[in-house]
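Dropping a prediction and its sequence here:
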Amino acid sequence: MQIVAIIQARMGSTRLPGKVMKMLGDRTVLGHVINRCKAIPLVTQVIVATTAAEEDDILCKEAELYGVSYYRGSENNVLSRYYEAAKMAKAEVVVRVTSDCPLLDPQISNSVIKHFLRSECDYASNSLSKTFPRGLDTEVFSFKVLERAYQNAELSFEKEHVTPYLYLHPELFNVEAYYNEKNQSQYRLT
């Protein structure tokens with residue numbers, strides 16, 4: 001099964017421009033996220049989904065440095081960017097993570113994927129019901145469900161944030177929350 005981790009990344013952060021290329025120890029924030037996604041046992045491919053903006057050329061070089069693919073698409077329609085990246089990768093299952101979470105835990109992400117596969121749901125996430133520290137967020141969904149969202153989402157926030165169309169329509173999708181054994185939502189690791 002083709003399980004693809006797609007990392008959304010861009011240099012144009014409004015609060016901290018260029019944050020994904022800031023150095024943390026011996027590598028960039030994005031470098032840490034890529035390495036952690038590559039360490040998720042069930043993930044078969046990692047892709048950096050960035051924009052076509054010139055300022056994001058550096059992110060493509062960083063992806064190449066770490067030996068992963070990249071896709072360049074819309075800056076504002078991140079749902080479209082995810083869909084096109086997943087389509088390019090021939091993904092059957094998509095794992096969504098963001099580029100500003102350098103402490104992403106590969107084992108927790110793997111557990112969310114296992115939960116998704118076991119429950120045969122359309123969408124599983126450890127961030128729907130906040131029990132994990134912020135920064136360990138992992139969302140998992142099928143390509144078919146992503147395609148439905150891409151074809152049907154109309155509101156701007158549904159396109160900007162990728163998955164709201166899925167979890168805000170429980171009448172259309174089987175949505176599952178993955179819970180931590182202990183509530184640690186008071187912590188931020190991001």
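Now that the structure is in, tell me what you want to look at.

Would you mind finding the longest helix in the chain?
In terms of residue count, the longest helix belonging to the chain (DSSP state H) is helix 106-119.

So which bits of that helix are buried?
Buried residues in helix 106-119, counted by 16 or more other C-beta atoms under 10 Å: Pro106, Ile108, Ser109, Asn110, Ser111, Val112, Ile113, His115, Phe116. (Each C-beta comes from the backbone N, C-alpha and C, glycine too.)

again with stretch 163-181
Quick answer for stretch 163-181 (16+ other C-beta under 10 Å): Thr163, Pro164, Tyr165, Leu166, Tyr167, His169, Phe173, Val175, Glu176, Ala177, Tyr178, Asn180.

circling back to that earlier point, who does the very next helix or strand once past the longest helix of the chain pair with, and is each partner parallel or antiparallel?
Per DSSP states H and E, the first helix or strand lying C-terminal to helix 106-119 is strand 123-125. Next to strand 123-125 in the sheet, as set by DSSP bridges, lie strand 139-142 (antiparallel), strand 175-177 (parallel).

what residues does the first one touch?
Residues outside strand 139-142 that contact it (C-beta atoms under 8 Å, 6 or more residues apart in numbering): 92-97, 112-113, 115-116, 122-125, 127, 162-163, 166.

what mean pLDDT would you report for it?
Averaging pLDDT along strand 139-142 gives 98.

Pull that strand out as CSV, backbone CA atoms only.
C-alpha atoms of strand 139-142 as CSV (Å, rounded to 0.1, in the frame of the first residue of the first chain):
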residue,chain,number,x,y,z
GLU,A,139,-4.0,13.3,10.1
VAL,A,140,-4.5,10.2,7.9
PHE,A,141,-7.1,9.8,5.1
SER,A,142,-7.5,7.9,1.9
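
ok now that strand, how far from the chain's centre?
How far strand 139-142 lies from its chain's middle: 9 Å, per C-alpha atoms, centre = their mean, to the nearest Å.

cool, stretch 136-146 as well?
With C-alpha atoms, centre = their mean, you get 8 Å for stretch 136-146.

coming back round to it: with distance to Val78 as extra columns, can I get the strands paired with strand 123-125 in JSON lines?
Shown next, in JSON lines, are the strands paired with strand 123-125 (distance: least, C-beta to C-beta, whole Å):
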{"stretch": "strand 139-142", "distance to Val78": "13"}
{"stretch": "strand 175-177", "distance to Val78": "19"}
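
Which of these sits closest to Tyr70?
Proximity to Tyr70 (C-beta to C-beta) singles out strand 139-142 among these, at 19.7 Å.

hmm, back to that, quick one: which of the buried residues of stretch 163-181 sit in helices?
Pro164, Tyr165, Leu166, Tyr167.

Quickly check these for the two that are furthest apart.
Checking those with C-beta to C-beta, the most distant pair is Tyr165 and Tyr167, at 8.1 Å.

just to revisit the earlier point, out of the strands paired with strand 123-125, which gets nearest to Ala52?
With C-beta to C-beta as the criterion, Ala52 lies closest to strand 139-142 of those, at 23.9 Å.
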